[in-house]
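>>> One predicted model, sequence on top.
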Amino acid sequence: KRERLGGGGVTIIGVGEGAIVIDDDLVVKGFCGGHSKTCTTGTIGRVGDDVFVVTGSAGGQLKAYEMGSFKCVSTTRYGSGIVAVDVEEGGKRMVVGLQEGVSVVKERKDDEVAGKGEGTRKKRKPRGGTYGFFTRGKNAGNVNESFEVKVDKKVKLSAGSKAIKGFQYSKALREALKSRNVKEVQAVTEELWGRKGLNSAVSGRSIDELNELFTFITRYITHPVYSSTVAKLAGSMVEVYGDEKGDEVKE
């Protein structure tokens, strides 16, 4: 098919799974390939100042190539072979004739068509995984809807938690009791229980430290929130000491 282009013209000739474009002097301008089946038709389309070669194939593929580089910039697939294609001047409408006897008219929106002088072609969205996809928006300026995302500061660990991280189980329980915070004691006790280090944390304590533990246990053993944790603590005391220092612990 011969098409007018500038002061001369070009001819689009289907060759196997592609098409060659030659000028009036029979000089090959380029090759448009990539179809899955025989290329059956072709035309020239213009969008603003941009010129494209549009080809269709028996496999139902419609491809558009940049004139000059002949790089494929878009592919559309139809359920039937394509026998004819034509693009309206300005690129607003395109008619595709299918082998099954149906003509499809595709119309571009006004903001997607380049106007004369001030209009520009709508920018294509970058495909996922490409360099353009990961760098999109890098040149965007601040707008009224902009917002700042603040990252929360790292939570400061308690003395008991720090001791657990250092595998100092006895110190961890001692620091938790020193804090006078029942939730801190509960958290440390449960962590030591999970690490199977509660017996180790309870052992080796002085009379005063055992009295402190015993006071904590008697205060919270009946509390519905803390009773299960306190029971674990009491069980460890029984396992470690038994009756060894029972007469020395205050009643």
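Good, I have the coordinates. Numbers count the residues shown, from 1 in each chain.
>>> Ramachandran coordinates for the nearest residue to residue 178 once chain neighbours are set aside?
What sits nearest to residue 178 in space, not counting adjacent residues and going by Cβ to Cβ, 6 or more residues apart in numbering, is residue 159, at 7.8 Å. C-beta coordinates here come from the backbone N, C-alpha and C atoms, glycine included. When read as degrees, to the nearest 10, the backbone of residue 159 gives phi -60, psi -40.
>>> in the stretch 151-251 of the chain, which ranges drop under the pLDDT threshold?
151-154, 243-251 (pLDDT under 70).
>>> could you redo the last one with a cut-off of 80?
151-157, 242-251 (pLDDT under 80).
>>> And the strands in it?
In the stretch 151-251 of the chain, no strands are found when defined by DSSP state E, counting those that start in this stretch.
>>> how close does residue 71 get to residue 175?
Noted for residue 71: a distance of 68 Å to residue 175, by Cβ to Cβ, to the nearest Å.
>>> and residue 47, how far is that from residue 93?
Going from residue 47 to residue 93 by Cβ to Cβ gives 12 Å.
>>> more neighbours, these two?
Summary of the neighbour comparison: residue 47 and residue 93, criterion other Cβ atoms under 10 Å, with residue 47 having more neighbours (19 against 14).
>>> Next one, pLDDT for the more buried one please.
Predicted confidence (pLDDT) at residue 47: the value is 74.
>>> got it, and the one 4 residues further on?
On pLDDT, residue 51 comes in at 81.
>>> what's it sitting at in phi/psi?
phi -120, psi 140.
>>> Identify the bridge partners of it.
Beta-bridge pairing of residue 51 under DSSP bridges involves residue 46.
>>> Quick check, it in contact with residue 45.
Yes - because the distance of 7.5 Å satisfies Cβ atoms under 8 Å, residue 51 is recorded as touching residue 45.
>>> quick one: which of these two has more around it?
In this comparison of residue 51 against residue 45, neighbours counted by other Cβ under 10 Å, the higher total goes to residue 45 at 21 against 18.
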